[in-house]
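> Turn this into a structure:
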Amino acid sequence: MAIVIVLVVVVVLLLVLVVWASFNGLVRRRNRTQEAWSQIDVELKRRHDLIPNLVETVKGYAAHERGTFEAVTNARAAAVNAGATGDPGKIAPAENMLSQTLRSLFAVAENYPQLRAVESFTQLQEQLTATEDKIEFARRYYNTSARDYNIALQTFPRNLIAARFAFTVVTYFEAEEADREVPQVRFAGGDGPPSGEPPATPPATPPAPPPGT
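Now for the predicted structure:
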């Protein structure tokens, strides 16, 4: 009888240890995922803050490109609204759309080489490029953390504990393949052809006159 009681106590203690370790493991993974998301959120807000100044700078040289400016402004507003939800599943599509409109803005800027002499534009471009790089790094870290957390939620015995304590699966922050490239503009050199145009072909050297002429 005493042996049975001891076995029961040992089994109960083992179960408590399993529950304790699994619960704490889920908490650690969830906190790591939340921390990773907060890094993305900071950089996205910085991105949103840079865009109005960028639009105004380009607008000073291409005021007639109204459709492009409105598209960027509307996409930024949609991204800000999506960010307020805190849901990566809603934020990612809005940010992808914003990236597409930014590429259109930089395409417009390429047609105005005088912008390369505007210090505020080049500074904004550099800041935006650095921000995009940080977003991409933070996105990868978040998705890795989210993957580990979701796997932990779905494997036994953690899945039983997750259901009991209301742990839920998190959404990945996915960028469209084209949007993983950092939006940027490259100007041609001072004496070179405009961006996107092939270099001029030098004229052919005329053949030497035949001897005796």
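> what's the longest helix in the chain?
Counting by DSSP state H, the longest helix found in the chain is helix 2-59.
> Tell me the gap between that helix and the middle of its chain.
20 Å (C-alpha atoms, centre = their mean, to the nearest Å).
> Check stretch 121-137 too.
With C-alpha atoms, centre = their mean, you get 11 Å for stretch 121-137.
> Next: stretch 130-144.
6 Å.
> Contacts only, for Val169.
150, 153-154 (C-beta atoms under 8 Å, 6 or more residues apart in numbering). All C-beta spots, glycine's among them, are computed from the backbone N, C-alpha and C.
> Which members of these are positioned in helices?
Filtering the contacts of Val169 for helices - DSSP H - leaves 150, 153-154.
> Output those residues as JSON lines; include the columns distance to Gly86.
Listed next are the ones in helices among the contacts of Val169 as JSON lines, based on distance: C-beta to C-beta, whole Å:
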{"residue": "Asn150", "distance to Gly86": "17"}
{"residue": "Leu153", "distance to Gly86": "19"}
{"residue": "Gln154", "distance to Gly86": "23"}
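> Run a quick neighbour tally on Met97.
Using other C-beta atoms under 10 Å, Met97 has 19 neighbouring residues.
> I meant to write Thr155 there.
11.
> What separation is there between it and Gly25?
Applying C-beta to C-beta, to the nearest Å, the value for Thr155 to Gly25 is 11 Å.
> Which strands and helices lie in contact with the lowest-mean-pLDDT helix or strand in the chain?
Every helix and strand of the chain was ranked by mean pLDDT, DSSP states H and E. The lowest is helix 158-164, at a mean of 89. Contact analysis of helix 158-164 by 3 or more C-beta pairs under 8 Å, 6 or more residues apart in numbering; DSSP states H and E lists helix 2-59, helix 119-154 as its packing neighbours.
> Go through those and name the closest to Thr171.
Thr171 sits nearest to helix 119-154 of all these, at 7.5 Å, using C-beta to C-beta.
> what's the angle between that closest one and helix 2-59?
Angle between the axes of helix 119-154 and helix 2-59 is 160 degrees (criterion: axes from the mean of the first three to the mean of the last three C-alpha atoms, to 10 degrees).
> Show me what helix 119-154 is packed up against.
Using 3+ C-beta pairs under 8 Å, 6+ apart, helix 119-154 sits against helix 2-59, helix 88-110, helix 158-164.
> buried stuff in the helix or strand just after the longest one?
If I follow you right, that is helix 2-59. As assigned by DSSP states H and E, the chain's next helix or strand after helix 2-59 is helix 66-85. Of the residues in helix 66-85, 68-69, 71-72, 75-76, 78-79, 82-83 count as buried by neighbour count, 16 or more other C-beta atoms under 10 Å.
> ok so, going back, please enumerate residues in contact with the least confident helix or strand of the chain?
19, 22-23, 25-26, 152-153, 167-168.
> Just list the residues touching the spatially closest residue to Leu105 that is not a sequence neighbour, thanks.
Excluding the flanking residues, the one nearest Leu105 by C-beta to C-beta, 6 or more residues apart in numbering is Val72, at 5.3 Å. Listed by C-beta under 8 Å, 6+ apart, the contact set of Val72 reads 51, 55, 98, 101-102, 104-105.
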